[in-house]
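In: pasting the sequence and the predicted model now:
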Amino acid sequence: PSLFPLRCCAVYPFAMNPIDEAKREKMKEIAEEMAKTFTKEYLLAYKTALIQDIKDEINEEAPEYLLQKAEPCKDDIHAGWLIKRGAVVKNWKRRFFVVRWTWEVEYFKNEADVEKKKPKGVMNLEGYEVSKEAPDCGQPGDPKLTIEILHRKRRTWLIQCENEEDHKKWKGIFDTCCEKVRRAENPDLVARQAFIEAYRKLRWSIAWWGYYSRPEGTEAEALGELISDRIEEIVLRPIYNDLTGSKYDMVKGTCQKACNSVVGVVVAAAWKGLQTALEPLKPKIREKVKEAIGPFVEKEKEIKEKLQAKVMEVANPVVEKLVVPHLSNIIMCLDGPLTKAYVALLKAWREDAEEVHKKLSEKGASAAKKEFKDFARAYAYWWNRRTWRIMDLLDPIEDPLMKLQVFFEDIRWWRVLYHLRDGILDIVSKAVGTYQNKFTEASKELDPNDAAAAKDASTAALEETTADFYHDIKLLLKDEVKYIIMLIVESPYNKEVLEPCVGLIAPIAELIPEMFKELIDIEAALEDVLSGILDETVDTAVSGAVEKRCPDIDDTVKAFMMP
């Protein structure tokens, strides 16, 4: 055994220490420079987010949407037997899996252990993705029944199902877990928005423009991951280029440990320093901004008008060349299937709501808790019987949308699908919750067993909720089409217009009075103006197209509204 290190060095000359002092210094230099850029961007973004938060407080408007926010269902999402492969010893063991309402997955040795014992393991799938291919799993039996769940840097999970039906359902469930599971978010909304904006600006500062998945983990972890990726691109990838097989795995693991060590020290110091400096100042900053908000809003408006006049000559040609020629094609592939899905959703919800209404009319308000709970669960997840069929109506969007990758290479169908799926589940859960809230309010003074009174209360609640649902569906159609268009075109648009426009803002920045220079971020104002130019073009096109679809929804509602 004592000869192993010598033999290892003979076969892999630098495997024991592939990072020399020069490379370590380069990693530290990159990490410190990116941390410095992030700190500057975070402070600017915090100020911008705080100003917006105060403006929203002052100018709070009535919401356009009428349906009420529903309480989340905290029941377990799904449970069942699966076979998992171990991480170290590659043996296969049958375990009972439970998907919690937080989208974390726990597994137990026995089903009876769920309520009595700690889980044998927990799968937090943030940052993971479910492989689309059947893996070579080394397990006797059909590899098509094995689900492979991958992460760029963490362990791979291999899970085998017992039949095709379980495989299809669990694959979809794990896919949703990857998308929805969250670590605890920062409760400070302003700080959360500032981090997201600073993270985006940091990517732009190194010319990483395209699509990226949301930051994973805590703020410090997400920042560290981004810096590590940059170091890997510049410093580590040249080391990997000539390596293969076990040599590659050994060297890469050693390099990444060295990188994580350097980045961890830099990020921990930068993030702690930033929070330590900012935390005691937050109340003072908010108070100062509130005092100046009136004159500030007027001055900001004036500055943005000047910016718009200046940048139109750059932005308009880009919109005409990059966006306008494709708008009708994008809208065409979206609004038809979306309208069909929303009409089907409205019909399905109404049919099930009438079943709830019937039972309340027979049993009285005492049945409400159970009936509404069952109603909510029927629409809680996309793989449920009702919602699955509705989600299938979105499939015709994929092919024409993916053909647009020739022009917009960052289009990701799964990202579009997840967003649309979430929108459908959100609005239908709000419809269930609104019906329940309206019925509860109308029946609170009633005898719980008075079926006739419950029928009257339910009838009024159902008709009001249906009208609200109808109103919100039309808004949602427009908003979803617009959101997806912006998702597709905004990044390439910004890439074309931002750099040439930055050179135009210096004369306007000089016009900002001294008292407002700390409050007005000229670059953020420029981004708002450019986004507004694009938004206006997209909004005009979408509004006209969606108006033509509204009669389809109108006819659906008229068909089942009670006389």
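Out: Looks like it came in fine.

In: any low-confidence regions in the stretch 401-550 of the chain?
Out: Applying pLDDT under 70 to the stretch 401-550 of the chain flags residues 549-550.

In: helices along that one, start to end?
Out: 413-443, 451-502, 506-509, 522-560 (DSSP state H, counting those that start in this stretch).

In: make TSV from the ones you listed and add distance to residue 382 to it.
Out: Any C-beta I mention is one placed from the backbone N, CA and C, and that applies to glycine too. Putting the helices of the stretch 401-550 of the chain into TSV (distance: least, C-beta to C-beta, whole Å) gives the following:
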stretch	distance to residue 382
helix 413-443	5
helix 451-502	15
helix 506-509	48
helix 522-560	21
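
In: among these, which comes closest to residue 105?
Out: With C-beta to C-beta as the criterion, residue 105 lies closest to helix 413-443 of those, at 18.1 Å.

In: re earlier: columns mean neighbour count on top of the helices of the stretch 401-550 of the chain, output as TSV?
Out: TSV is the format used below for these (neighbours: other C-beta atoms under 10 Å):
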stretch	mean neighbour count
helix 413-443	20
helix 451-502	19
helix 506-509	13
helix 522-560	16
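
In: and the ones you listed: which comes nearest residue 63?
Out: helix 451-502 (10.1 Å).

In: and the spatially closest residue to residue 87 that is not a sequence neighbour, backbone torsions?
Out: Leaving out its chain neighbours, the residue that sits closest to residue 87 by C-beta to C-beta, 6 or more residues apart in numbering is residue 155, at 5.1 Å. With angles defined as degrees, to the nearest 10, residue 155 sits at phi -60, psi 150.

In: burial check on residue 155, number of neighbours?
Out: Around residue 155 there are 12 other residues, counting by other C-beta atoms under 10 Å.

In: likewise for residue 200?
Out: By other C-beta under 10 Å, neighbour count at residue 200 equals 15.

In: one more: residue 377?
Out: So residue 377, with other C-beta under 10 Å, has 14 neighbours.

In: quick check, residue 67 in contact with residue 475.
Out: No. Using C-beta atoms under 8 Å, residue 67 makes no contact with residue 475, being 10.1 Å away.

In: quick one: which of the helices of the stretch 401-550 of the chain is nearest residue 280?
Out: Proximity to residue 280 (C-beta to C-beta) singles out helix 522-560 among the helices of the stretch 401-550 of the chain, at 24.4 Å.

In: which one of the helices of the stretch 401-550 of the chain lies closest to residue 250?
Out: For residue 250, the closest of the helices of the stretch 401-550 of the chain is helix 413-443, at 33.4 Å, according to C-beta to C-beta.

In: that closest one to helix 451-502, inter-axis angle?
Out: Helix 413-443 and helix 451-502 are oriented at 140 degrees to each other (axes from the mean of the first three to the mean of the last three C-alpha atoms, to 10 degrees).

In: helix 413-443 packs against which elements?
Out: In terms of contacts (3 or more C-beta pairs under 8 Å, 6 or more residues apart in numbering; DSSP states H and E), helix 413-443 is packed against helix 324-363, helix 368-378, helix 385-392, helix 398-403, helix 451-502.

In: ok, 6 Å please
Out: For helix 413-443, the contact count by 3 or more C-beta pairs under 6 Å, 6 or more residues apart in numbering; DSSP states H and E identifies helix 324-363, helix 368-378, helix 451-502 as packing neighbours.

In: residue 495 versus the most centrally placed residue in the chain, what's the distance?
Out: Among the residues of the chain, the one closest to the centroid is residue 214, at 6.4 Å (C-alpha atoms, centre = their mean). Shown here: residue 214 relative to residue 495, a distance of 20 Å by C-beta to C-beta, to the nearest Å.

In: residue 57 now?
Out: Applying C-beta to C-beta to residue 57 and residue 495 gives a distance of 34 Å.

In: swap in residue 517?
Out: 29 Å.

In: what about stretch 147-158, average pLDDT?
Out: For stretch 147-158, mean pLDDT is 88.

In: what residues does it touch?
Out: 85, 87, 127-131, 135, 137, 159, 171, 174 (C-beta atoms under 6 Å, 6 or more residues apart in numbering).

In: check stretch 278-293 too.
Out: Contacts for stretch 278-293 (C-beta under 6 Å, 6+ apart): 50-51, 54.
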